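Pasting the sequence and the predicted coordinates here, then a few questions.
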Amino acid sequence: MSVSIPPATIRPTGKVAACAKDVAAQQHLELAIRRNGYESIPVSSLEELRTLLMSENIAAAVIDEPESIEEIERLDADTRRADRPTQFILLPSIGQRLNVPRTVSCEVVDPPLTPERIGRALFSAVGRAQLISENLELKQKLEGRMFDGLVGMSQQTRDLRAQIHTAAEHDQPILVVGEPGCGKSEAARAIHLTRFGPAQPLLTIRCNLLTSAAIEKELFGDAETEGRFSAASEGTLVFEDIEALTIPLQIQIAEVVRNSAYRQGDTFIPLRTRIIATSTANLRQLCTEGKFETRLLNLIERNTIHVAALRTRLDDLPGLAEHFVQQCCVREGQHLRRLSDEALTRLESHDWPGNVRELENVINRCCSLAGDPVITGEEIQPWLEQKEDAAESPGLTLREMERKLIEATFNRFGGNRELTAKALQIGIRTLSGKLRDYGYPPRGGPGSNRKQQRAA
């Protein structure tokens, strides 16, 4: 006699919340959940369940004898707004009838509540949650590719992308604010790309690098050159660090924005350029001090986007760090490298006063010389110890980064060239050639080991 063997089934996995006011009922639910192979987390109320769902990734929530379906509807709406995949399983009491709207992601399991019936409901609910999680992850990755400079999946970054989508629906001026190095320029670029795409012009005026006369000429042009207002037509013009503009120039820009036209000679030309301003300052405070034009601020602050500091969205750090590692490896023609868990831990323990720009500098310095496929915590640490230098040197070239890395390692090993070359994984001749270029005497000559010579 042949025995038929049922096909093997891959059971979905995930955390399941057991919500019940009665302790005995809660224990019964936990036992049924664990028997079906899921991790159980007990909660005693819907408010406690809401807090859990917002802080952890919960695949399903089993709710014993819910008092009203309206509370479940509100809980379901909150989880969907927060991009949570949680599915709900409702266990009504005997005689209780629940009319659940189709918009609510839940299943009702009527008595008798056997572990088998609960298990079947859990299997379906956790499976749906996994599919939703995969779709959400794919959506976030696609958004990350669309905004390639705004890498990350933290709530702050997702909110920022939502604000960018909203800003791209109109052509009003935008003010992007945040700490230095947090990604304001990338946010401005993302607004432009979402609104106009890559074919239209995106021009930038760095207000803190040019004189007032140079900026005025850049904006309005002259008889020989086209101004930025004209060149950025049907595109975007970004004023970086707009607080650095002089008051007379701020007044001119306010008039252009207010009238949607700029003057060229004796002719007024319609403004067909999207204006985006970025700032690290408290512009309202500057207005009270007479250092910023109130009329200009009133025009640009109606649509304000705040870019959060990196230390407040450390969930983004692993993705950002890997992104910068890949960029550096491709730029340098190196084999692809990755960060070790220890390296990520050290990065996450840093307070990042220079924000994303500092992180990029640290990664570039660490990757400026080829090494093992895995970047260790020891390779990362020297650059984290130089907080001020890392935060304040955004313009270092790769050659300068290489020199800083070589000299820091050379000094760390007391001027020992063999140990330095071994740590950097380069040949002793290559190291000696680099040191000679930096002004160090030849190996074995007077002063070739600077640190030891000073100690002597």
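Sure thing, it's come through.

going forward, measure contacts between C-alpha atoms and count neighbours the same way
Noted.

Show the residue spans covered by the helices in the stretch 301-450 of the chain.
317-332, 341-348, 355-366, 377-384, 387-392, 398-412, 417-424, 428-437, 450-455 (DSSP state H, counting those that start in this stretch).

closest to residue 305 out of these?
Across the helices of the stretch 301-450 of the chain, residue 305 has its closest neighbour in helix 355-366 (17.1 Å, Cα to Cα).

thinking again about what came up before, adding mean pLDDT, write the helices of the stretch 301-450 of the chain out as TSV.
Compiled in TSV, these are given as follows (pLDDT from 0 to 100):
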stretch	mean pLDDT
helix 317-332	85
helix 341-348	92
helix 355-366	87
helix 377-384	83
helix 387-392	43
helix 398-412	76
helix 417-424	83
helix 428-437	85
helix 450-455	39
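
And these: which comes nearest residue 150?
helix 317-332 (8.4 Å).

most tightly surrounded among the helices of the stretch 301-450 of the chain?
Across the helices of the stretch 301-450 of the chain, averaging neighbours per residue (mean count of other Cα atoms under 10 Å) puts helix 355-366 on top, at a mean of 23.

elements contacting that one?
Counting contacts by 3 or more Cα pairs under 8 Å, 6 or more residues apart in numbering; DSSP states H and E, helix 355-366 packs against helix 317-332, helix 377-384, helix 387-392, helix 398-412.

Put together a markdown table for those helices, with distance to residue 181 on each row.
A markdown table is the format used below for these (distance: least, Cα to Cα, whole Å):
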| stretch | distance to residue 181 |
| --- | --- |
| helix 317-332 | 13 |
| helix 377-384 | 16 |
| helix 387-392 | 8 |
| helix 398-412 | 18 |
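
what about residue 171, which helix or strand?
Residue 171 belongs to no helix or strand when elements are defined using DSSP states H and E.

From residue 256, how far off is the closest residue in space to it that isn't next to it in sequence?
Distances taken as Cα to Cα, 6 or more residues apart in numbering place residue 274 nearest to residue 171, at 5.8 Å, with adjacent residues excluded. Here residue 274 is placed at a distance of 12 Å from residue 256 (Cα to Cα, to the nearest Å).

Which of those two has more residues huddled nearby?
Remark: of residue 274 and residue 256, residue 274 carries more neighbours, 23 against 19, as counted by other Cα atoms under 10 Å.

can you pull up the bridge partners for that one?
Judged by DSSP bridges, the bridge partners of residue 274 are residue 236.

Next, the contact list for it, please.
Residues in contact with residue 274 (Cα atoms under 8 Å, 6 or more residues apart in numbering) are 171-173, 234-237.

In PyMOL, select just the buried ones from the residues you listed.
Of the contacts of residue 274, the buried ones go into a single PyMOL selection, burial set by 16 or more other Cα atoms under 10 Å:
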select buried, resi 172+173+234+235+236+237
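
Residue 173 versus the residue nearest to residue 171, what's the distance?
From residue 274 over to residue 173 the distance is 6 Å, taken as Cα to Cα.

swap in residue 71?
41 Å.

Repeat that for residue 336.
Distance, residue 336 to residue 173, by Cα to Cα: 41 Å.

Ok, residue 239 next?
11 Å.

Likewise for residue 98?
From residue 98 to residue 173 the distance is 50 Å (Cα to Cα).

Residue 307 and residue 175 touch, don't they?
No: using Cα atoms under 8 Å as the test, residue 307 is too far from residue 175 to be in contact (10.7 Å).

Could you check which of those two has the larger neighbour count?
Using other Cα under 10 Å as the criterion, residue 307 and residue 175 rank with residue 175 on top: 24 against 20.

Please pull out the lowest mean pLDDT helix or strand from this protein.
helix 450-455 (a mean of 39; mean pLDDT, DSSP states H and E).

Figure out how far the lengthiest helix in the chain is from the centre of its chain.
Of all segments of type helix in the chain, defined using DSSP state H, the longest is helix 115-146. How far helix 115-146 lies from its chain's middle: 23 Å, per Cα atoms, centre = their mean, to the nearest Å.

and if you look at stretch 347-366?
The chain centroid and the centroid of stretch 347-366 are separated by 13 Å under Cα atoms, centre = their mean.
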